[in-house]
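A.B. asks: One predicted model, sequence on top.
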Amino acid sequence: MLPSVENDCTCIAGRAPTTNLTMLLQKTLHMGQSLLECKNRLANIHSYRRQFVMVTRAIVTSSKTVDFSFRGPLGFAGHTVLLGLDSDSPDQVVFESVGGNLDLMGIVDFTEVRPNCTEITLAVHYEIKNIFFAWLDRRLRFMDAFVNRELRAVRAHFEGIAAPYSEPATILPMLETATA
């Protein structure tokens, strides 16, 4: 049997203690607009907040604060207040949560690939404070499905792509029937 030292959190045999429950999401999408136009349109959340499928509240409470709520599977109701932070680059938006049942921090990076084509990269570290829903998210990845669905809806709105509401992306793809 291998020795184990518990005092300084070094564990040679068995499992190391796991207290870090944060998850990382990173998404990239392309928009058919110039960098400046894309940033300006996305900054005006009032113009497209009705396009969100699962978002129940997205209210700008001040110039850098957004009160944000959404519904998830099995009765999960996510809520956070997002605060915009200063960034070194004018083509980045940095934010973190200052309340709610989700702790998160993230960055949105805008890169002009060519004229009228902007690449948007969203990276978010998040932690669900409820242990049950955090466990459920680790197994079912419902936050990943939520972000994918909402980004698809926003992109469809800005690009004029027909996105039928009757065929939404599922939260639990493993429970769908297979199609040939």
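C.D. replies: Nice, I can see it.
A.B. asks: The helix or strand Glu119 falls within pairs with which strands, parallel or anti?
C.D. replies: Assessed by DSSP states H and E, Glu119 sits inside strand 117-128. Strand 117-128 has its sheet partners listed here by DSSP bridges as strand 23-31 (antiparallel), strand 102-114 (antiparallel).
A.B. asks: Identify the residue nearest the geometric centre of this protein.
C.D. replies: Taking C-alpha atoms, centre = their mean, the centroid of the chain lies closest to Val147, which sits 4.8 Å from it.
A.B. asks: what about that residue, distance to Leu122?
C.D. replies: Going from Val147 to Leu122 by C-beta to C-beta, to the nearest Å gives 8 Å. (Each C-beta comes from the backbone N, C-alpha and C, glycine too.)
A.B. asks: Backbone torsions only: list them for Met54.
C.D. replies: Summarising the backbone geometry of Met54 under the convention degrees, to the nearest 10, its torsions are phi -110, psi 0.
A.B. asks: Could you do the one 5 residues further on as well?
C.D. replies: Reported as degrees, to the nearest 10, the phi and psi values for Ile59 are phi -120, psi 130.
A.B. asks: Not counting sequence-adjacent ones, nearest residue to it?
C.D. replies: Distance criterion C-beta to C-beta, 6 or more residues apart in numbering; nearest residue to Ile59, sequence neighbours excluded, is Asp67 at 4.7 Å.
A.B. asks: Give the burial count for the one you found, as a bare number.
C.D. replies: Each residue near Asp67 was counted by other C-beta atoms under 10 Å, and the total is 16.
A.B. asks: hang on, the earlier thing: residues of the strand holding Glu119 that come out buried?
C.D. replies: Buried positions in strand 117-128, judged by neighbour count with 16 or more other C-beta atoms under 10 Å: 118-120, 122, 124, 126-128.
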